[in-house]
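Student: Need the 3D shape of this:
(one chain, ligands or ions: 1)
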Amino acid sequence: MSDSEPDNDLLDFLRQHFSKASIASVPETKVLEGAEYVYHNSIDVALDSQSTIAAAAMIYEQMQKKQYSTKTWQSHDFHPQALDASTVDFIFTMDLLNFSFWSENDEEERFAIEYQGKRCTGYKSLVAALQRALEEGIPITSSDFWQSEDECTIDVLRHVFRSATAEEIPLLRERFDCLQEAGEVLYEKYQCSFTKCIEAANHSAAALVNLLAENFTCFNDVFPYENRKNVRFLKRAQICVADLWAAFDGKGYGEFHDIDGLTIFADYRVPQILNSLGCLWYSPLLQSAVNQKKVIESGHSWELQIRGCSIWCVELIRREILRKHPDANINAILIDFFLYDLMKEREAAGQEDIPHHRTRSIWY
Ligand SMILES: Nc1nc2c(c(CN[C@H]3C=C[C@H](O)[C@@H]3O)cn2[C@@H]2O[C@H](COP(=O)(O)O)[C@@H](O)[C@H]2O)c(=O)[nH]1
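Tutor: Residues are numbered from 1 along each chain as shown. The predicted structure follows:
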């Protein structure tokens, strides 16, 4: 058969085994596609290629040194360890509420949770408050509890998140609404259990992310940008699936055959570390607003450019690492977890030289 003639046998095989329907049925979140669109249509945020290449080398070297893996997740304070449905419920509750902990107060006055002799702020305050509630006999991770108007009231949630300072947790009412909505949706569609959502996704991370975005409005982190009506960031939907994958070490409830297709979770910490590393460049006006800790409204072009370019930047870092180390056991999730932890280490060491952007919303 000459080169110009098609291999009909091969074409028949492909037609039989890879019909358009089956290819079309591969779930995709479209987050990366949206991030690339934002990157190509950004004017206030840009990527610096030299710093991004240098960051890829540093990240790879540090992750190797720290043997960074899904096991790192289990090592964090107060993360649930049981490999059963109680951890699934904990992670779902945690990622329903995993947003907007930043404070306009200084370190001493900001919202904080005291638990097991530790003073926890930020994301850690969320994990600590949930563990403390469970110890106090409040079934805060149960959707039946969320559904009970008598038991799960705004005052009970205020008690769960009672602060060691005068400042209350930001967006308490919105957090309450997230639990209410999730309780209703789980009751109506998933037999009151998030494990049924995981089963419905049939071990596809993308399918579970899409299921969360399509069935729970509080996970549907989507915004119009330039000529696109629906740029999907899906930060909490993706981190929920990633936390399951990490907590269960890729097995059982955490087994996802397409986990490498998820992106970073566009919050306020990863952009901050990328900006500090010189990978993300902001226009003088935007950099000045960030440095002065000015609030940027949710949905503002600046905010979406920061989020979209951060996702795209880490995709380029991921590609650069795999270009130089094809066998590296690495994906956007592990890079993300590493960057978040690196930023927190810098903050703890007083090296938070450039602030993070301030947007108050339920999305991250
Ligand atoms: N992109 C990304 N965002 C993350 C995390 C985490 C914690 N994940 C743990 C699990 C595995 C990792 O090793 C981490 O230890 C919280 N956040 C987000 O940050 C913000 C809280 O910031 P602060 O107030 O400073 O604590 C808030 O939007 C929260 O949703 C992450 O990993 N990636």
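Student: Tell me the helices and strands packed up against the longest helix along the chain.
Tutor: Identified as the longest helix of the chain according to DSSP state H is helix 301-324. Contacting helix 301-324 under the criterion 3 or more CB pairs under 8 Å, 6 or more residues apart in numbering; DSSP states H and E are the following elements: helix 31-40, strand 45-47, helix 49-65, strand 222-225, helix 270-276, strand 280-282, helix 284-291, helix 332-348. Glycine gets a C-beta too; all of them are placed from N, C-alpha and C.
Student: Show me which positions of it end up buried.
Tutor: Using 16 or more other CB atoms under 10 Å as the test for burial, helix 301-324 gives 301-318, 320-321.
Student: now stretch 342-359
Tutor: Leu342, Met343, Lys344, Glu347, Pro355, His356, His357, Arg358, Thr359.
Student: Same check on stretch 230-237?
Tutor: Residues of stretch 230-237 classed as buried by neighbour count (16+ other CB under 10 Å): Val231, Arg232, Phe233, Leu234, Lys235, Arg236, Ala237.
Student: got the CA coordinates for stretch 257-271 in PDB?
Tutor: Output of stretch 257-271 as PDB, limited to C-alpha atoms (Å, rounded to 0.1, in the frame of the first residue of the first chain):
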ATOM      1  CA  HIS A 257      -8.500   8.200  36.000                       C
ATOM      2  CA  ASP A 258      -8.300  11.800  34.700                       C
ATOM      3  CA  ILE A 259      -7.100  13.600  37.700                       C
ATOM      4  CA  ASP A 260      -4.200  15.100  35.700                       C
ATOM      5  CA  GLY A 261      -6.700  17.100  33.700                       C
ATOM      6  CA  LEU A 262      -7.500  19.500  36.600                       C
ATOM      7  CA  THR A 263      -5.900  22.900  36.900                       C
ATOM      8  CA  ILE A 264      -4.700  24.900  39.900                       C
ATOM      9  CA  PHE A 265      -7.400  26.400  42.100                       C
ATOM     10  CA  ALA A 266      -7.600  30.100  41.300                       C
ATOM     11  CA  ASP A 267      -7.700  31.600  44.800                       C
ATOM     12  CA  TYR A 268      -5.800  34.500  46.300                       C
ATOM     13  CA  ARG A 269      -2.700  32.700  47.400                       C
ATOM     14  CA  VAL A 270      -1.400  31.100  44.200                       C
ATOM     15  CA  PRO A 271      -1.500  34.400  42.300                       C
END
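Student: Write out the residues of the stretch 1-150 of the chain neighbouring the ligand.
Tutor: Residues of the stretch 1-150 of the chain that fall close to the ligand, judged by CB under 6 Å from any ligand atom: Thr72, Trp73, His76, Asn98, Phe99, Phe101, Trp102, Gly122, Tyr123.
Student: now with 8 Å?
Tutor: Residues of the stretch 1-150 of the chain lying near the ligand by CB under 8 Å from any ligand atom: 72-73, 76, 79, 98-102, 121-125.
Student: among those residues, which are in helices?
Tutor: Going by DSSP H, the helices hold Thr72, Trp73, Gly122, Tyr123, Lys124, Ser125 from these.
Student: near the ligand, anything from the longest helix of the chain?
Tutor: No. Interface with the ligand: helix 301-324 contributes nothing (CB under 8 Å from any ligand atom), its closest point being 8.8 Å away.
Student: Pull out the CA atoms of that helix and give them to me as PDB.
Tutor: The C-alpha trace of helix 301-324 is given here as PDB (Å, rounded to 0.1, in the frame of the first residue of the first chain):
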ATOM      1  CA  SER A 301     -11.600  42.400  34.800                       C
ATOM      2  CA  TRP A 302      -8.500  42.800  36.900                       C
ATOM      3  CA  GLU A 303      -9.600  39.900  39.200                       C
ATOM      4  CA  LEU A 304     -10.400  37.600  36.200                       C
ATOM      5  CA  GLN A 305      -7.100  38.400  34.600                       C
ATOM      6  CA  ILE A 306      -5.300  37.600  37.800                       C
ATOM      7  CA  ARG A 307      -7.200  34.300  38.100                       C
ATOM      8  CA  GLY A 308      -7.000  33.200  34.500                       C
ATOM      9  CA  CYS A 309      -3.300  34.100  34.000                       C
ATOM     10  CA  SER A 310      -2.400  32.200  37.200                       C
ATOM     11  CA  ILE A 311      -4.100  29.100  35.900                       C
ATOM     12  CA  TRP A 312      -2.300  29.400  32.600                       C
ATOM     13  CA  CYS A 313       1.000  30.300  34.200                       C
ATOM     14  CA  VAL A 314       1.000  27.000  36.200                       C
ATOM     15  CA  GLU A 315       0.000  25.100  33.100                       C
ATOM     16  CA  LEU A 316       3.200  26.400  31.500                       C
ATOM     17  CA  ILE A 317       5.200  25.600  34.600                       C
ATOM     18  CA  ARG A 318       3.800  22.100  34.500                       C
ATOM     19  CA  ARG A 319       4.700  21.700  30.800                       C
ATOM     20  CA  GLU A 320       8.200  23.000  31.400                       C
ATOM     21  CA  ILE A 321       8.800  20.500  34.300                       C
ATOM     22  CA  LEU A 322       7.500  17.600  32.200                       C
ATOM     23  CA  ARG A 323       9.600  18.800  29.200                       C
ATOM     24  CA  LYS A 324      12.800  18.500  31.300                       C
END
